[in-house]
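> sequence and computational prediction follow.
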2 protein chains.
Amino acid sequence: MRTTSRETGASPRKRAGNGAAVRDVADDVGLDALVGHAGYAVRRFQIWIFQDFIRTLGDVEIRPTQYSVLTVIGANPGLSQMAVAKRLGIERARLVHLLDSLEQRKYVKRVKSKADRRSHALHLTAHGETALAKFKRLAAEHERHVEAKIGKENRAHLLRILAGFT
Amino acid sequence: MRTTSRETGASPRKRAGNGAAVRDVADDVGLDALVGHAGYAVRRFQIWIFQDFIRTLGDVEIRPTQYSVLTVIGANPGLSQMAVAKRLGIERARLVHLLDSLEQRKYVKRVKSKADRRSHALHLTAHGETALAKFKRLAAEHERHVEAKIGKENRAHLLRILAGFT
DNA sequence: AAAGATTGTTGTTGACGACAACAATTGTCG
DNA sequence: CGACAATTGTTGTCGTCAACAACAATCTTT
């Protein structure tokens, strides 16, 4: 993830020819003040997590934001776009494009609300329901990757610490 | 559980005729499967942290990435752009623009390396040193905000859990 | 009915990551 | 030594994403 040259397995040194005298420059750069900054650690962790999610759900071509939208709609059918955007902390302008894509793939349908003719009631299609079930299985697999990475109880503790942000 | 007849009432202060307590719609949308997903919690937390960082360092107009670049250069003068990019997980193409900006603001200077005439040795200017000291004080203030948000020992534990990603 | 607010939509801007191509330079190896 | 491959900084493009602004259609309020 951080380097492009090393992620093919565990290639120990890229320049294998010239012996141990040359060290990989970036590996021993001191971070100093950067260590101890929560934001930096969280950013790096989030990048890792998203990449694993994207890779694990790569076959079904579902990205984290799309997954969150589908999950919320599946759990709360009939929500308006505004409500979904508010709940997930995304702009309603952005949700438009997300729904365009999900609707094109027949996962979601926008139903014109009778109560408020400005808004759309969002629902999963039948196809969307079965698809979401599969996505959830893959997402669970991704969560197991997280457990494998940081430890089961660490993940649980982390979720507890960050529960206030969901 | 959601009665779809209520989603018109997104405004907290107005009261429809039906329920006793009309709550803000987005506040009681069930997340269900989204709760328990580490990625979602981490994403929301990271957004919060970055926004606080940007706000706290707003007066000096330093964003998280810029701060990380300055910190690494300050701690390791003479590094090449490649080494900095590698250490921070940034593309060297991106670092070019970051350094352009930081050099324009007289925080950083690119010195042509004698050892390898392709590369630049990165140093802080005198002005950059004093500025970075101020940035670090502000960053420490930001960290106190994080402590206030999630608790001192929770922050410490979180840093320990994510230490592997720095 | 008029004024103001909300919803979905379109568009713009800027930060950011991933890639590709290039010149200059360095390292490798026949 | 000299051709060839690799690295460094740079420029450029493309796609994602957040933050705004503006707009028409539609409520809500007064």
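Yes, it's here.

> alpha carbons only for contacts and neighbour counts from here, please
Will do.

> do you know the pLDDT at the residue nearest the centre of chain A?
Nearest to the geometric centre of chain A sits residue A:64, at 3.3 Å (Cα atoms, centre = their mean). If you check residue A:64, the pLDDT there is 95.

> residue contacts, it?
A:50, A:53, A:54 (Cα atoms under 8 Å, 6 or more residues apart in numbering or on different chains).

> do the same with residue A:162
Counting by Cα under 8 Å, 6+ apart, the residues that residue A:162 touches are B:41, B:42, B:45, B:150.

> tell me the phi and psi of it?
phi -100, psi 10 (degrees, to the nearest 10).

> can you show me the strands along chain A?
A:108-112, A:120-124 (DSSP state E).

> need these in TSV with mean neighbour count, mean pLDDT and distance to DNA strand D, can you?
Supplementary listing: those in TSV, determined by neighbours: other Cα atoms under 10 Å in any protein chain shown; pLDDT from 0 to 100; distance: least, Cα to the nearest atom of the strand, whole Å:
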stretch	mean neighbour count	mean pLDDT	distance to DNA strand D
strand A:108-112	18	95	10
strand A:120-124	22	96	11
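
> nearest to residue B:91, of the ones you listed?
strand A:108-112 (36.5 Å; Cα to Cα).

> for residue A:122, see how far away residue A:116 is.
13 Å (Cα to Cα, to the nearest Å).

> check residue A:78 too.
5 Å.

> which residues do these two both contact?
In contact with both residue A:78 and residue A:122: no residue, using Cα under 8 Å, 6+ apart.

> poorly predicted segments of chain A, please.
A:1-33 (pLDDT under 70).

> show me where it has helices.
A:38-56, A:64-75, A:81-88, A:92-104, A:126-150, A:152-161 (DSSP state H).

> of the contacts of residue A:64 - the most surrounded one?
residue A:53 (23 neighbours; other Cα atoms under 10 Å in any protein chain shown).

> go ahead and confirm that residue touches residue A:140.
No - using Cα atoms under 8 Å, residue A:53 is not in contact with residue A:140, being 9.9 Å away.

> contacts for stretch A:146-155, please.
Against stretch A:146-155 from outside (Cα under 8 Å, 6+ apart): A:49, B:38, B:161, B:162.

> list the buried residues of stretch A:85-105.
For stretch A:85-105, a neighbour-count test (16 or more other Cα atoms under 10 Å in any protein chain shown) marks A:85, A:86, A:87, A:88, A:95, A:99, A:102, A:103 as buried.

> could those go into CSV alongside distance to DNA strand D?
Formatted as CSV, the buried residues of stretch A:85-105 follow (distance: Cα to the nearest atom of the strand, whole Å):
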residue, distance to DNA strand D
A:85, 10
A:86, 11
A:87, 13
A:88, 9
A:95, 8
A:99, 11
A:102, 12
A:103, 15
